[in-house]
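# Provided below for reference: sequence and predicted model.
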Amino acid sequence: MIKIEMLYDGKTIQQFLKEVSAKQLISEFRDYLWKIAQFGVKLDCKMLARARYLDERTTDFVINFIELFGDDYPKEIILLLAEQDYNLLDNISERYNLFKYLTQQMNHIQELKNESVYNLLSSALHKNSKQLYGKNVYCGDSSNGKEYKGFVNNMYSNDIVQNEVLGVNFQLSINVFTYNVIELGRNLGINTKTLLQLEKENKHTQLLELPKYKKLSSSYWDEQNFKQALSKYCEELGNIVSKEYPDILVKVGQMYEGQGAEYYINFEKRVEVTNSYEDARLELIEAIKTLNKVESYYFSFDYMHKDLVESRKEHSRKNKPLFKTQ
């Protein structure tokens, strides 16, 4: 039985390979990483195991294992990586493009059908986002997902696995009280009957009004009727948008109910991560550019509530789109 901890005393991976197979060595290293990742555990040298886990040498060893065995033993290396915590993955991602490696092993990832592996892929996408996009695209995290720079309104993304494929689900979220959605809908050609119905339900709820102008407290059924009218509006808006952007869905979004209820028009676009890093990179950038175009074309400042225009214009001047659009 080998003593894998001797890596830290100067014994090389090549020396270990004279004693055991590569597959066994990966397994021994994986088990050792699990052992030293634990809080409160001390090594024989009295050093805290956790300190060794986060030591720069551990980062070196993991990267060496990926580079030496990542192509010949992809499943073993992927499972080894999937067990590591975010601190070590942060350290690795600063020096190695994990997301690029993982996309190249997509067939093996789909064969593994392992939730931890999909979580690893999602984590790597964001940890290596600067390499992927060429810049920092995020302005923070929220309950709605990763939040992006470069938009007048809010743009989020969440990573969701569907049919064993990880996809980035982008969502441009427009609060309905930010704009005069009735007038905007009239300009876009939404059916007059739909607009009149939404206007009627708004009189009972005032959900299209800025909170400081709201005077009514709507009942449960009034709010449901409003939501139904807004859904019809979104359906027709979606039909209009799909003529130019067929892969974008338009849906109603909602936060809270009752007095503090807020409703949104959400534009959704999904980009699936395939086994081509370059294709994924270009499609993700194109999705962001497309949603920038949708926002600027369909929700211009001309239809924004007058109380918000100046502050949003100032925000826009300081928060230019991430990528140039034609």
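Cool, got the structure.

# Point out where the stretch 1-150 of the chain drops to low pLDDT.
Residue ranges of the stretch 1-150 of the chain with pLDDT under 70: 45.

# Quick one: the helices in it, in order.
All helices of the stretch 1-150 of the chain, identified by DSSP state H, counting those that start in this stretch, fall at 13-16, 22-36, 49-53, 56-69, 74-82, 86-93, 98-104, 106-112, 115-127, 129-133.

# Can you give me the separation between residue 64 and residue 103?
Distance, residue 64 to residue 103, by C-beta to C-beta, to the nearest Å: 21 Å. In this view, the C-beta of every residue, glycine as well, is placed from N, C-alpha and C.

# okay, the helices of the stretch 1-150 of the chain in CSV with distance to residue 204 and mean neighbour count next?
What follows is the helices of the stretch 1-150 of the chain, written out as CSV (distance: least, C-beta to C-beta, whole Å; neighbours: other C-beta atoms under 10 Å):
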stretch, distance to residue 204, mean neighbour count
helix 13-16, 71, 14
helix 22-36, 59, 18
helix 49-53, 59, 17
helix 56-69, 60, 17
helix 74-82, 52, 21
helix 86-93, 47, 17
helix 98-104, 49, 22
helix 106-112, 50, 17
helix 115-127, 42, 19
helix 129-133, 44, 17
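
# check contacts around the closest residue to residue 180 other than its chain neighbours.
Leaving aside its sequence neighbours, residue 180 sits nearest to residue 303 (C-beta to C-beta, 6 or more residues apart in numbering; 5.2 Å). Residues in contact with residue 303, defined by C-beta atoms under 8 Å, 6 or more residues apart in numbering, are 179, 180, 181, 183, 184, 187.

# Same check on residue 220?
Counting by C-beta under 8 Å, 6+ apart, residue 220 touches 257, 258.

# So which of the contacts of residue 303 are in helices?
181, 183, 184, 187 (DSSP state H).

# For those, pick the one with the most neighbours.
Of all the ones in helices among the contacts of residue 303, the highest neighbour tally under other C-beta atoms under 10 Å goes to residue 181, namely 25 neighbours.

# surely that residue meets residue 265?
Yes - taking contacts as C-beta atoms under 8 Å, residue 181 lies within contact range of residue 265: 7.3 Å.

# can you redo the ones in helices among the contacts of residue 303 as JSON lines with distance to residue 221 and pLDDT?
Compiled in JSON lines, the ones in helices among the contacts of residue 303 are given as follows (distance: C-beta to C-beta, whole Å; pLDDT from 0 to 100):
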{"residue": "181", "distance to residue 221": "22", "pLDDT": "96"}
{"residue": "183", "distance to residue 221": "27", "pLDDT": "96"}
{"residue": "184", "distance to residue 221": "27", "pLDDT": "96"}
{"residue": "187", "distance to residue 221": "31", "pLDDT": "95"}
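
# Report the two of those separated the most.
181 and 187 (10.5 Å; C-beta to C-beta).

# Tell me how many other residues surround residue 221.
9.

# re the thing from before, among the helices of the stretch 1-150 of the chain, which is nearest residue 285?
Of the helices of the stretch 1-150 of the chain, nearest to residue 285 by C-beta to C-beta is helix 129-133, at 6.5 Å.

# which outside residues touch that closest one?
Outside helix 129-133, the residues within contact range by C-beta under 8 Å, 6+ apart are 97, 99, 100, 125, 136, 137, 138, 280, 281, 284, 285, 322.

# Setting aside sequence neighbours, what's the nearest residue to residue 190?
Excluding the flanking residues, the one nearest residue 190 by C-beta to C-beta, 6+ apart is residue 236, at 4.8 Å.

# host element of that neighbour?
Assigned by DSSP states H and E, residue 236 belongs to helix 220-242.

# nearest residue to residue 293 other than its sequence neighbours?
Nearest non-adjacent residue to residue 293 (C-beta to C-beta, 6+ apart): residue 325, at 5.4 Å.

# Which pLDDT value belongs to that neighbour?
With respect to pLDDT, residue 325 scores 80.

# how many neighbours does it have?
Residue 325 has 13 neighbouring residues, counting by other C-beta under 10 Å.

# one step back: just the C-alphas of the helix holding residue 236, formatted as PDB.
Output of helix 220-242 as PDB, limited to C-alpha atoms (Å, rounded to 0.1, in the frame of the first residue of the first chain):
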ATOM      1  CA  TYR A 220     -56.600  37.700  -4.100                       C
ATOM      2  CA  TRP A 221     -59.000  37.300  -7.000                       C
ATOM      3  CA  ASP A 222     -58.200  40.800  -8.400                       C
ATOM      4  CA  GLU A 223     -54.600  39.900  -8.500                       C
ATOM      5  CA  GLN A 224     -55.300  36.600 -10.200                       C
ATOM      6  CA  ASN A 225     -57.300  38.400 -12.900                       C
ATOM      7  CA  PHE A 226     -54.500  40.800 -13.300                       C
ATOM      8  CA  LYS A 227     -52.000  38.000 -13.700                       C
ATOM      9  CA  GLN A 228     -54.200  36.300 -16.300                       C
ATOM     10  CA  ALA A 229     -54.500  39.600 -18.300                       C
ATOM     11  CA  LEU A 230     -50.700  40.100 -18.100                       C
ATOM     12  CA  SER A 231     -50.100  36.500 -19.300                       C
ATOM     13  CA  LYS A 232     -52.200  37.200 -22.400                       C
ATOM     14  CA  TYR A 233     -50.200  40.400 -23.000                       C
ATOM     15  CA  CYS A 234     -46.900  38.400 -22.600                       C
ATOM     16  CA  GLU A 235     -48.300  35.700 -25.000                       C
ATOM     17  CA  GLU A 236     -48.900  38.300 -27.700                       C
ATOM     18  CA  LEU A 237     -45.600  40.100 -27.000                       C
ATOM     19  CA  GLY A 238     -43.900  36.700 -27.300                       C
ATOM     20  CA  ASN A 239     -45.400  36.100 -30.800                       C
ATOM     21  CA  ILE A 240     -44.100  39.500 -31.900                       C
ATOM     22  CA  VAL A 241     -40.600  39.000 -30.500                       C
ATOM     23  CA  SER A 242     -40.400  35.500 -31.900                       C
END
